[in-house]
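> My questions are about this predicted structure, shown below with the sequence.
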Amino acid sequence: MGMHELLQKDPELWDLFCRKEEYQSPLRDKHNRFPYYASSCRDIFEPKASEYLVKNGYKVEYPEGKPFAVCLTHDIDGVYEPVQDKALRALKHGAHARFSEAYHSVKQMRSKKIPYVNFEDIMELEDRYHARSTFYFLALDPKDQDFSYNIKDLEHELGTIKDRGWEVGLHAGRKGSSDLDELKNEKKRLEKVINNSVSGCRNHYLKFVVPDSWEILHAAGLSYDSSFGYADCTGFRNGMCHPFQPFNLITGKSIDIIEIPLVVMEDSLFDNYMRLGPDRAWEVTRKLIDTVARCNGVITFLFHNYSFVGEQRKFYERVLQYCAGKEAWMTSGERIARWWKQNGKI
Ligand SMILES: [Zn+2]
C-alpha cells in the first residue's frame, strides 16, 4: 500500500498531511505565509503522520544501512554584505545611488575576500564529517526585487561546488515562488551558468501556498522542493519527517514532485522568531534529531551562508558532530530525492 492510501485510512492524519486547514484559513503573515501561530495543530514537534506510517509498516532504508538522513542546505541570499550595507547607507542619506549601481562584480571583489563567498569553507567543514549539502542560489535579474548578486558572476564558485559533489539548487525569488513564467526564467538562468539541469528548489522567505506552490514547482520541471516548513517555528508542518508526494485537495490528485520538508532553519531558532539562547536552541534541535532518527526519517536543516561565524557556526558543527555520532546519512536534497524515487518510497 502506498503512502497516500495508508494515510487516507485515518481522516484526521490525512487532513494534517494535506494541510487542509491552510485551504480554509485566510490568516497570513506579512509575507503572505501561513504561520505556525495560526495553526490549530499545536504539537509541531511530533511527526504524527510519519509515526503512523512507520507503525503501519512503512519502512525506509538508506545507503550503507544508515539509520536516518540529514538533508543539509544553505540559501544564498547575498554574497556582498559589506557592499550592500554601503549601498543602503547611501540610499538612506539621500544619494540617488541605485542598488544595482552600487553593486560590484565578484571578479573585482574576489581579491578582497568577500566574507559571504564562503562556500569552500562550508564544504571543508562538512567534508570533515563526510557530509554533503545543497546550496540554493538566487538567479534574479538586476531589476528584480531582492536582487543582490548576478549569478553569472559566480560561475567559478558554482563549478567548484558541483565538481566537489555538492549540489547547486535554485533559490526561487519572491515573485518566482508564485509565478510560473518567472520561476522558469530563474531556473533557465541558473542552468545556463552551471551548464546542467537543476532539480531542486527552495523558495526565498520560505514563501509557500498550499497547494499552488507545489503545482508551480512541478510545472517548472523541478523534481523536488524543500521550502515546506514554518519560518516562525521549527518542526513538522504536516506531521511528516519523510519526503513525500503532495496531494492537491482541490483537484483530488497527487502532485508529481518530491517534498523534502524543512524542519530547522537557524533563523527560526535564534533572533527572528523563537528567540532561543544557544543552550535551549540545541535542546530543541537535539530532540528533533532524536525524533527523526527514531522514525528512520529525514531532517532538513537550513543554515544561510551568513551564519558561518561565531556561535552559529559552532552550533552547525554541533549538529554535524551529533548526527555523525548517530551514523546519519548527511547529504544534499538532490541525493535524497533521487534515493526516494529509486526506492519507490513515495
Ligand atoms: Zn532566501
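Okay, I see it. Numbering: from 1, shown residues only.

> what about the residue in the chain that the ion sits nearest to, how many neighbours?
Closest residue of the chain to the ion, C-beta to the ion: His204 (3.8 Å). For glycine as for every other residue, the C-beta is placed from the backbone atoms N, C-alpha and C. When neighbours are counted by other C-beta atoms under 10 Å, His204 registers 21.

> so it touches Ser178, yeah?
No: using C-beta atoms under 8 Å as the test, His204 is too far from Ser178 to be in contact (11.2 Å).

> Would you list the phi and psi of Ile151?
In terms of degrees, to the nearest 10, the main-chain angles of Ile151 are phi -60, psi -30.

> Phe34 now?
Note on Phe34: backbone dihedrals following degrees, to the nearest 10 are phi -80, psi 120.

> That one contacts Ser213, correct?
No: using C-beta under 8 Å, Phe34 makes no contact with Ser213, being 11.0 Å away.

> Pick out whichever of these two has more residues nearby.
Between Phe34 and Ser213, Ser213 has the larger neighbour count (other C-beta under 10 Å), namely 24 against 21.

> Does that one lie in a helix or a strand, and which?
helix 212-219 (DSSP states H and E).

> what helices or strands is that helix leaning on?
helix 180-194, strand 224-225 (3 or more C-beta pairs under 8 Å, 6 or more residues apart in numbering; DSSP states H and E).

> which residue sits closest to Glu22, ignoring its sequence neighbours?
Val210 (4.4 Å; C-beta to C-beta, 6 or more residues apart in numbering).

> what do you get for Asp212?
Asp212's closest residue in space is Ser178 (C-beta to C-beta, 6+ apart), at 7.0 Å.

> was I right about that neighbour contacting Trp214?
No: using C-beta under 8 Å, Ser178 makes no contact with Trp214, being 11.9 Å away.

> the more surrounded of these two?
The residue with more neighbours, out of Ser178 and Trp214 and counting by other C-beta under 10 Å, is Trp214; that gives 24 against 17.

> wait, the more buried one sits on Ile258?
No: here Trp214 lies out of contact with Ile258, judged by C-beta under 8 Å, at a distance of 10.1 Å.

> Now for these two: what residues contact both?
Here Trp214 and Ile258 have Asp225 as joint contacts, going by C-beta atoms under 8 Å, 6 or more residues apart in numbering.

> Which pLDDT value belongs to Leu183?
Model confidence at Leu183, expressed as pLDDT, equals 98.

> just checking, it touches Ser177?
Yes: if you go by C-beta under 8 Å, Leu183 and Ser177 touch, sitting 7.2 Å apart.

> any shared contact partners between these two?
Taking C-beta under 8 Å, 6+ apart as the contact rule, Leu183 and Ser177 both touch Ile216.

> Tell me the residues on this protein that lie near the ion, please.
75, 77, 204 (C-beta under 5 Å from the ion).

> switch to 6 Å and redo it
For the chain, the residues in contact with the ion (C-beta under 6 Å from the ion) are 75, 77, 171, 204.

> about what we covered before: I'd like the helices and strands packed on helix 212-219 laid out as CSV, including mean neighbour count.
Output for the helices and strands packed on helix 212-219, formatted as CSV (neighbours: other C-beta atoms under 10 Å):
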stretch, mean neighbour count
helix 180-194, 18
strand 224-225, 26
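
> Need those in TSV (columns: distance to Gly159).
What follows is the helices and strands packed on helix 212-219, written out as TSV (distance: least, C-beta to C-beta, whole Å):
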stretch	distance to Gly159
helix 180-194	7
strand 224-225	22
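
> And the ones you listed: which comes nearest Lys162?
helix 180-194 (6.2 Å; C-beta to C-beta).

> Which secondary structure state does Asn238 sit in?
Judged by DSSP: H, G, I helix; E, B strand; the rest coil, the three-state class of Asn238 is coil.

> cool, the one 3 residues further on as well?
Taken by three-state DSSP, the conformation at Cys241 corresponds to coil.

> contacting residues for the closest residue to it other than its chain neighbours?
Among residues not flanking Cys241 along the chain, Gly297 sits closest, at 3.5 Å (C-beta to C-beta, 6+ apart). Applying C-beta under 8 Å, 6+ apart, we find Gly297 in contact with 47, 50, 60, 68-69, 241-242.

> swap in Tyr129?
Contacts of Tyr129 (C-beta under 8 Å, 6+ apart): 320-321, 323-324, 330.

> Got phi/psi on it?
Here is the backbone geometry of Tyr129 (degrees, to the nearest 10): phi -110, psi 20.

> Need the pLDDT of it.
Tyr129 is given a pLDDT of 98.

> swap in the one 10 residues further on?
What the model reports for Ala139 is a pLDDT of 98.

> can I assume it is in contact with Ile194?
No: when contacts are counted by C-beta under 8 Å, Ala139 is not listed as touching Ile194 (10.0 Å).

> Dead centre of the protein: give me the residue that sits there.
In the chain, the centroid-proximal residue (C-alpha atoms, centre = their mean) is Ser226; its distance is 4.3 Å.

> which one is that one nearest to, not counting chain neighbours?
Ile260 (4.5 Å).

> Could you chop this protein up by domain?
3-79+116-342, 80-115 (automatic domain parsing).

> Measure how buried the residue nearest to Ser226 is and give me the count.
By the measure other C-beta under 10 Å, the count of residues near Ile260 is 30.

> Thank you, goodbye.
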